[in-house]
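Novice: Take this sequence and fold it.
(4 chains)
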Protein chains: 2
Amino acid sequence: MSPTRERILTATNELFRRQGYNGTSLKQVTESAPATVGSLYHFFPGGKEALAAAVIETSGAAYRELFEMIADAEPNFGEAIIAFFDGAAAVLEGTDFVDICPIGTVAREVASTNDTLRTAAEKVFASWVDAAESRLIDEGIATTEAHELAVSLVASLEGGFLLARAARDGDQLRVIGRQIRRLVDSTPRSTGASDLMVEPRPRGKKRS
Amino acid sequence: MSPTRERILTATNELFRRQGYNGTSLKQVTESAPATVGSLYHFFPGGKEALAAAVIETSGAAYRELFEMIADAEPNFGEAIIAFFDGAAAVLEGTDFVDICPIGTVAREVASTNDTLRTAAEKVFASWVDAAESRLIDEGIATTEAHELAVSLVASLEGGFLLARAARDGDQLRVIGRQIRRLVDSTPRSTGASDLMVEPRPRGKKRS
DNA sequence: ACCGTACTAGAACGTACGCTCTAGACTCCA
DNA sequence: TGGAGTCTAGAGCGTACGTTCTAGTACGGT
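Specialist: Numbers count the residues shown, from 1 in each chain, chains lettered A, B, ... in the order given. Got it, this is the predicted structure:
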């Protein structure tokens, strides 16, 4: 992929995290990429909206991969939850509390006024829920319960970003992680399923 | 309080719920209030920022009162949680999924760029956490645990608004409410405390 | 050497923004 | 009737927005 396109994408992602969709101008994007307006409209003929949609899809997929990595690294899913929330808290504290997730910010801004971006965000959240849900099912949790837990997990994470940023306090995220972990751990497992007995099914595409 | 000021406040609140802070122009505010620019700057000499701060404080207090009302109506706090999330889901479905809470949207937009509004939002969230926390303590939950649960409750609610709106699906909120209720119910109580044995302490100012 | 495609470059367009300012209207008390 | 304080009214300020447009450059294949 073109390096210019890539630069525009990452610059926009960065700006959205700080200022959201409406708060970010294309002039800012071209200046921090750097790139010219011509390039921007060459790669994103749909203008600002198309650019935002691309940012949502790209960073949504990146975060999903990050989640899978962390979950792979921790044999116990409860531990993975803690790692995820604690990691997010550390990132927040290390970046002067710049939003971790541009998607949540943009989604709330435009969900009622821009169906293209709303749908893009919907798909991203659904993919995150799917990812968490399948891990929970692997742990022996019933599908309905696993789905509800996964939705709650994603919601808590996004809500945690909001609270931690508003209070400039990463501990709020850590606290939420702890409680969500307890929620997951307190969910009954079917006795038969265990990672010792079941061959883990392959997940997504692995990087070659 | 002046009816014009009131009209400006509610119109802005409404617009922020749909379009956020940067997405809402003062022209839109004056048109839907209705009011003139002169009036707006008379009541809010600090301009758009001061208006937004007033909206955050006002609706933050209103939602806290709503929470207290619902919690008062339900003897069991777990039931109150369900009522709160289910009620939010119903409102969302009944308003074409317009955001219920302008504060969360605005906070994420401006937390990194406007300290006045960030602080206003921080105070609102803290007051919500306090409200929930004191109910949990009344139920016999230890203070630390009560605080953590309250933070998780507020985060899940705000995150739920985001998910439900992005997916245009109120059930996401209901699902989260169910899980948070289970989380609260699974928290150990100190044996001594019970609403049958303890005189409920007075809460805040009651409407005369 | 030539051409077509991919990409860069930035001036310019019309519109809308937040805000300031001066003037006028209303209300209440004397 | 007068005057002070409160509120309404909206034209106009400078600036910035998203987008379009025409022109130019870089470069691969033949």
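Novice: so the residue positioned nearest the centre of chain A is in which element?
Specialist: The residue lying closest to the centre of chain A (CA atoms, centre = their mean) is A:Y63, at 4.5 Å. Here A:Y63, judged by DSSP states H and E, is contained in helix A:47-73.
Novice: So is the next helix or strand after that helix next to chain B?
Specialist: Per DSSP H and E, the first helix or strand lying C-terminal to helix A:47-73 is helix A:77-94. No. Using CB under 8 Å from any CB of the partner chain, helix A:77-94 stays clear of chain B, with a minimum separation of 10.5 Å. Quick note: C-beta positions are derived from backbone N, CA and C, even for glycine.
Novice: before we move on, the earlier item: wait, doesn't the residue nearest to the centre of chain A sit right on A:C101?
Specialist: Yes. A:Y63 is within contact range of A:C101, at 7.0 Å (criterion: CB atoms under 8 Å).
Novice: Count the neighbours of A:G159 for me.
Specialist: Around A:G159 there are 30 other residues, counting by other CB atoms under 10 Å in any protein chain shown.
Novice: before we move on, which element is it in?
Specialist: Using DSSP H and E, A:G159 falls within helix A:143-167.
Novice: Next to DNA strand D, which bits of chain A? Give me the list.
Specialist: Residues of chain A lying close to DNA strand D by CB under 7 Å from any atom of the strand are A:24-28, A:37-38, A:41, A:47-49.
Novice: which pair in those residues spans the largest distance?
Specialist: Farthest-apart pair in those is A:T24 and A:G38; separation 19.0 Å (CB to CB).
Novice: distance of the residue of chain A found nearest DNA strand C from A:L51?
Specialist: Closest to DNA strand C within chain A is A:G38: 2.0 Å, counting by CB to the nearest atom of the strand. Going from A:G38 to A:L51 by CB to CB, to the nearest Å gives 14 Å.
Novice: neighbour-wise, which of these two wins?
Specialist: Higher neighbour count among A:G38 and A:L51: A:L51, with 22 against 9, using other CB under 10 Å.
Novice: Quick check: pLDDT value at the more buried one.
Specialist: Listed pLDDT for A:L51 reads 98.
Novice: For B:E74, see how far away it is.
Specialist: From A:L51 to B:E74 the distance is 46 Å (CB to CB).
Novice: same question, A:V110
Specialist: Separation of A:V110 from B:E74 (CB to CB): 35 Å.
Novice: When the two are compared, which one has more neighbours?
Specialist: The neighbour count for A:V110 versus B:E74, taken as other CB under 10 Å, is higher for A:V110 (26 against 15).
Novice: Please name the nearest non-neighbouring residue to the residue in chain A that DNA strand D sits nearest to.
Specialist: DNA strand D sits closest to A:G47 of chain A, with a gap of 2.6 Å, by CB to the nearest atom of the strand. In space, A:G47 comes closest to A:Y41 once its chain neighbours are excluded; the distance is 6.8 Å by CB to CB, 6 or more residues apart in numbering or on different chains.
Novice: Flag the shaky bits of chain A, pLDDT-wise.
Specialist: For chain A, applying pLDDT under 70 flags the ranges A:191-208.
Novice: Dihedrals phi and psi, A:T187?
Specialist: Main-chain dihedrals, A:T187, degrees, to the nearest 10: phi -80, psi 130.
Novice: before we move on, back to that, quick check, the residue nearest to A:G47 in contact with A:K48.
Specialist: No. With contact defined as CB under 8 Å, A:Y41 does not count as touching A:K48 (10.0 Å).
Novice: Just give the nearest non-adjacent residue to A:T58, would you?
Specialist: Using CB to CB, 6+ apart, the closest residue to A:T58 is A:L9 (5.9 Å).
Novice: Just list the residues touching the one you found, thanks.
Specialist: A:51, A:54-55, A:58 (CB atoms under 8 Å, 6 or more residues apart in numbering or on different chains).
Novice: Hmm, A:A90 and A:R174 touching each other?
Specialist: No. At 9.3 Å, A:R174 does not count as touching A:A90 under the criterion of CB under 8 Å.
Novice: between these two, who's got more neighbours?
Specialist: Neighbour count, other CB under 10 Å: between A:R174 and A:A90, A:R174 has more, with 19 against 13.
Novice: Tell me, how many residues neighbour the residue of chain A closest to DNA strand D?
Specialist: Neighbourhood size, A:G47 [other CB under 10 Å]: 11.
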